[in-house]
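*Asks:* Fold the following and give me the result.
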Amino acid sequence: MVEYFQKGGPVMYAILVMSIYALTVFIERFYYFYKISFNYRNFTMDLKKMIVDKEVDSAFMKLRKTPGPLPAILLQLMNTIADGASDLKGRLNEIGSYEIQKAEGKLKHLAVVGNLTPLLGLLGTVTGMISAFSSISQRGANSPTIVAGGISEALIATAYGLIIAIPAVVAYNYLATRYESIILETEHAATEFLDFIEKKEGTK
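*Replies:* All right, here's what the predicted structure looks like:
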């Protein structure tokens, strides 16, 4: 493996850096999405019960201790209510847009790696072929070993570019699907909670 890496030329170091970065982003986002994946319906039902039972401090504590966009949105929404603001829907949209974007993190960077590494592999192909033709121009084409090094560099760089790109694209699509599911649940739960608050406020 190390021998092939060294034969791939200088482009291989850029591909290596991209692969390490992609793996780091995948692990970080996977763990984050795992932490914030819970039953949002039960979570909001517990909050509603606390509010009905006038256990507001417990509700605030629960929101602060729970990670994810939904608790962050509801916490800020409840702070807005405590401050006496009236345009709750507008505030919810504003808070929600920020927290949803924040939850995405560096997920799109995986797609960038998936798109960029094949291009780096192609660059390695070009530099390898330039090396091969340079050898031909200097020494002639009497022996296949003269151009073998350049062609080998070209093929190895292309292969490694694809080896990194394919898992990166698969990882991106997998995490993007989880992210979209979480966002849909967050939007539904936040809207439902806001309706509960508005009805409660309307009965006072």
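*Asks:* any idea which residue sits dead centre in the chain?
*Replies:* In the chain, the residue lying closest to the centroid (CA atoms, centre = their mean) is residue 107, at 1.5 Å.
*Asks:* now the helices: where do they sit in this protein?
*Replies:* Counting by DSSP state H, the chain has helices at residues 2-7, 11-35, 40-52, 56-65, 69-82, 88-104, 107-139, 144-202.
*Asks:* Mind putting these into TSV with mean pLDDT?
*Replies:* Below are the helices of the chain laid out as TSV (pLDDT from 0 to 100):
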stretch	mean pLDDT
helix 2-7	63
helix 11-35	94
helix 40-52	93
helix 56-65	93
helix 69-82	90
helix 88-104	89
helix 107-139	82
helix 144-202	85
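*Asks:* Identify, out of those helices, the most deeply packed stretch.
*Replies:* Of those, the one with the most neighbours on average (mean count of other CB atoms under 10 Å) is helix 69-82, at a mean of 20. (Glycine included, C-beta is placed from N, CA and C.)
*Asks:* who touches that one?
*Replies:* Identification of contacts with helix 69-82 by CB atoms under 8 Å, 6 or more residues apart in numbering yields 36, 40, 43-44, 47, 56, 59-60, 62-64, 88, 91-92, 95-96, 99-100, 102-103, 182-183, 185-186, 189-190, 193-194, 197, 201.
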